[in-house]
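# What would the 3D arrangement of this be:
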Amino acid sequence: MVALLGAGFLVVVLIAVVIQWLLVHWWVLLAVLVVGAVAGVAWVQRRQRRARWEQVQARALRYALPQLDALHHREFEDAVRELMRRDGCRDAVRVGGGGDLGADVKATDPFGRRWVIQCKHRRAGDAGAAVGTPDLQVLNGTARPVHGADVVVLVTNGRVTKPGVAFAKTQQLHLVDRRVLAMWAAGSQPLWTVLGTVPPPRRPTALS
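Below you'll find the model as predicted:
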C-alpha cells in the first residue's frame, strides 16, 4: 500500500514538473503542436490523393469483347461486378454460385436503386447458345420478391432469343446483350445511362 502511494506521489510530482517546464518553455509545446498539425494535414492529403487516384483507376476500367469472351463464367461475373463498382455502386458483390436463385451480382447505385443481375457467359460469343425464356423466367421469379430488386438485368456476351426479348419487355427486365455490353464495358457511361429506361431514383441525391 505504501509503495503504491509512493508511486502515485512520484507520478503527481513528475506531472507537476513537466507542466512547470512547459509553462517556462511554452514555445516547445507550440512547436510540437504545429508539427503535429502539419503532419496531420499531410496525412489527410495523402489519403485524399490516394482516394482520388483509386476513383480515377476505377473510372478507367475498360473491357473489350475478346477479353470478356476469354473469361471463365465466374470471372465474367467478377467483371460485371467491377463494372458496377466503376459506375459508383460501392457495395457491388458477386453472389453467383449454387443456390444463387437467379442472382449473380447485386449492387446499389448512387440513386438508391437495388440492381440484381444474372450473368450468362458464352465462350463462343454470338455463336454460342442464345439465352432463352427459361433463364429469364427464373430471374423474373426471384429478382424482385427474393432479392428486392428495383432493376432486374440479364447480362450476356452472347445473344437473347426473340421470345426471350419479348418476355423481357412484358416483365420489365433489362437485357444487356453483346452489343449493349460492348458499349458499357468499353465506355465510361454507367449502365443506367446505357440502358436509358430504368426506374426513377429511390431517393433524391446530388446525382439526381
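# Just checking, which helix or strand of the chain averages the lowest pLDDT?
One helix or strand of the chain scores below all others by mean pLDDT, DSSP states H and E: helix 26-59, with a mean of 65.
# so where do the strands sit in this protein?
Remark: strands assigned in the chain by DSSP state E are 93-94, 105-108, 114-120, 151-156, 174-176.
# of those strands, which approaches residue 84 most closely?
strand 105-108 (4.3 Å; CB to CB). In this view, the C-beta of every residue, glycine as well, is placed from N, C-alpha and C.
# Please name the strands paired to that closest one in the sheet, noting orientation.
Looking at strand 105-108 with DSSP bridges, its paired strands and their directions are strand 93-94 (antiparallel), strand 114-120 (antiparallel).
# Report the angle between the longest one and strand 151-156.
Right, the one you point to is strand 114-120. Here the directions of strand 114-120 and strand 151-156 differ by 20 degrees (axes from the mean of the first three to the mean of the last three CA atoms, to 10 degrees).
# Name the residues of strand 114-120 that come out as buried.
For strand 114-120, burial by neighbour count (16 or more other CB atoms under 10 Å) applies to 114-120.
# Nearest to residue 202, out of those residues: which one, please.
residue 114 (8.1 Å).
# Quick check: that closest one touching residue 153?
No. In this structure, residue 114 is not within contact of residue 153 by CB atoms under 8 Å, at 11.3 Å.
# which phi and psi does the residue nearest the centre of the chain have?
Among the residues of the chain, the one closest to the centroid is residue 90, at 2.5 Å (CA atoms, centre = their mean). Phi and psi for residue 90, reported as degrees, to the nearest 10, are phi -60, psi -20.
# where does the chain dip in pLDDT?
Applying pLDDT under 70 to the chain flags the ranges 1-9, 29, 42, 45-60, 96-100, 203-208.
# 50 instead, please
Applying pLDDT under 50 to the chain picks out residues 51-54, 56-57, 205-208.
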